[in-house]
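**Student:** Structural data only, the sequence is not supplied:
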């Protein structure tokens, strides 16, 4: 089978930023990641052999000298990480286990190893699983469906251009975040080109390093939940979020400083969000629960701390479409800086196909589940997203931590 991923740059920016910090601060820490398919009624067992083959090909790839130079100069990946890690072999196939499962999904995928290497598998695995599944599902119609999905995005873009004309006062900006659940690498690239051509003032970046490198656009990324989950395995869990903030700000000296607030829930974040970190951080990212309520609470928190919210940015990134993102900008731009990261609705939009079937992206994640053998949890502001696959007791303990400590 032809390789889907042909360059290691076909990954999200935040992965390299986090991996570099992990390497510098926690190079001896072991991490375990596991795949979860949230969409019911999907059987992935038929793609297992192809998925293994894709990872074997991926393990043979190396960053090219020109790519490494670009990562240092444009993506600001630290030199020590490039020299110590990226110039070598990134994947050991033995650390990635892909097996048939009795679960409904028919697939288990786990990754074990030094956390700064194990973290790399997430985006590659999710994008590969998605594309392989839809190729199997649609067969000879795959490219026709690809065209229909592109047409759906064209409709979204047309609507936004109309909104920009009727509401020129709204400073609407967004980045493309579509790698992890994309229908195909080809569709993501074509959609990106469409956005760059039709919405040149609104599109300010992409999370995908290869697209940024190849299209000469800014690569963007923020800190993910796994950064804070990592600290549950190395400090007291009650201190995990605060220590994660401190270490990130120390390592990057305040650069790349927009952070998720919902790893242990927004109430716990508010307690850990000190005046000092609030001043240094450029902003906050939304990833669960009602975005309007979250924004109002975030604005109020800044005001409590004596900080002008207009000096900060709220980045929305939960299940957005272009239109939803525009409406959020329209609502809050006079109160706070606003940006959005838009993913699945651009790279794999839900739509009714010409044959009458409803196409939906797979709802799937790969999350950190253990650090040095200790279970870790993500609580979220959305109860349905809470998870701790390794220990129900630890999940309940972390809920206590989030409420009380």
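**Tutor:** Arrived safely, thanks for sending. Nothing here was measured: the structure is a model prediction, and the numbers come from that model.
**Student:** now the strands: where do they sit in the protein?
**Tutor:** 30-37, 96-100, 107-114, 174-176, 203-206, 258-260, 283-286, 313-316, 337-342, 351-352, 358-359, 364-371, 374-375 (DSSP state E).
**Student:** Kindly state which of these is positioned closest to residue 237.
**Tutor:** Among the strands of the chain, strand 374-375 comes nearest to residue 237, with 9.3 Å by CB to CB. All C-beta spots, glycine's among them, are computed from the backbone N, C-alpha and C.
**Student:** now the closest one, how far from the chain's geometric center?
**Tutor:** Distance, stretch centre to chain centre, for strand 374-375: 22 Å (CA atoms, centre = their mean, to the nearest Å).
**Student:** Over to stretch 168-179?
**Tutor:** That offset, for stretch 168-179, works out to 16 Å (CA atoms, centre = their mean).
**Student:** out of the strands of the chain, deepest packed?
**Tutor:** Neighbour counts (mean count of other CB atoms under 10 Å) averaged over each of the strands of the chain peak at strand 174-176, with a mean of 26.
**Student:** In its sheet, which strands sit next to that one, and in what direction?
**Tutor:** Using DSSP bridges, the strands paired with strand 174-176 are strand 203-206 (parallel), strand 337-342 (parallel).
**Student:** for the record, mean pLDDT for the longest one?
**Tutor:** Confidence over strand 337-342 (mean pLDDT, whole number) is 98.
**Student:** Also stretch 145-163?
**Tutor:** 98.
**Student:** in it, what counts as buried?
**Tutor:** Using 16 or more other CB atoms under 10 Å as the test for burial, stretch 145-163 gives 145-146, 148-150, 152-153, 156-157, 160, 163.
**Student:** okay, the strands paired with strand 174-176 in a markdown table with distance to residue 385 next?
**Tutor:** Shown next, in a markdown table, are these (distance: least, CB to CB, whole Å):
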| stretch | distance to residue 385 |
| --- | --- |
| strand 203-206 | 25 |
| strand 337-342 | 17 |
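**Student:** Helices of the stretch 301-405 of the chain, residue ranges please.
**Tutor:** The residue ranges that make up the helices of the stretch 301-405 of the chain, judged by DSSP state H, counting those that start in this stretch, are 322-332, 344-347, 392-404.
**Student:** Need the nearest residue in space to residue 121, chain neighbours excluded.
**Tutor:** Once flanking residues are discounted, residue 121 sits nearest to residue 111: 4.5 Å by CB to CB, 6 or more residues apart in numbering.
**Student:** where's the one you found relative to residue 253, distance?
**Tutor:** Using CB to CB, to the nearest Å, residue 111 is found at 30 Å from residue 253.
**Student:** didn't residue 363 look like it was pressed against residue 38?
**Tutor:** Yes - counting by CB atoms under 8 Å, residue 363 touches residue 38, with 4.0 Å between them.
**Student:** What sits closest to residue 321 if chain neighbours are left out?
**Tutor:** residue 345 (4.4 Å).
**Student:** distance of that neighbour from residue 185?
**Tutor:** Separation of residue 345 from residue 185 (CB to CB): 17 Å.
**Student:** Residue 117: neighbouring residues, count only.
**Tutor:** 21 (other CB atoms under 10 Å).
**Student:** In this structure it contacts residue 96, no?
**Tutor:** No - the pair residue 117 / residue 96 is not scored as a contact, 10.6 Å apart, by CB under 8 Å.
**Student:** Between these two, which contacts overlap?
**Tutor:** Shared contacts of residue 117 and residue 96 (CB atoms under 8 Å, 6 or more residues apart in numbering): none.
**Student:** Name the residues linked to the closest residue to residue 294 other than its chain neighbours by a beta bridge.
**Tutor:** In space, and not counting its chain neighbours, residue 294 is closest to residue 286: 5.1 Å by CB to CB, 6+ apart. Per DSSP bridges, the residues bridged to residue 286 are residue 316.
**Student:** Quick check, pLDDT for residue 286.
**Tutor:** Here, the pLDDT recorded for residue 286 equals 96.
**Student:** Make sure it is actually in contact with residue 313.
**Tutor:** No - judged on CB under 8 Å, residue 286 makes no contact with residue 313 at a distance of 11.2 Å.
**Student:** the helices in the stretch 151-300 of the chain, which residues?
**Tutor:** Counting by DSSP H, counting those that start in this stretch, the stretch 151-300 of the chain has helices at residues 185-198, 209-215, 225-232, 240-252, 266-272, 275-280, 291-304.
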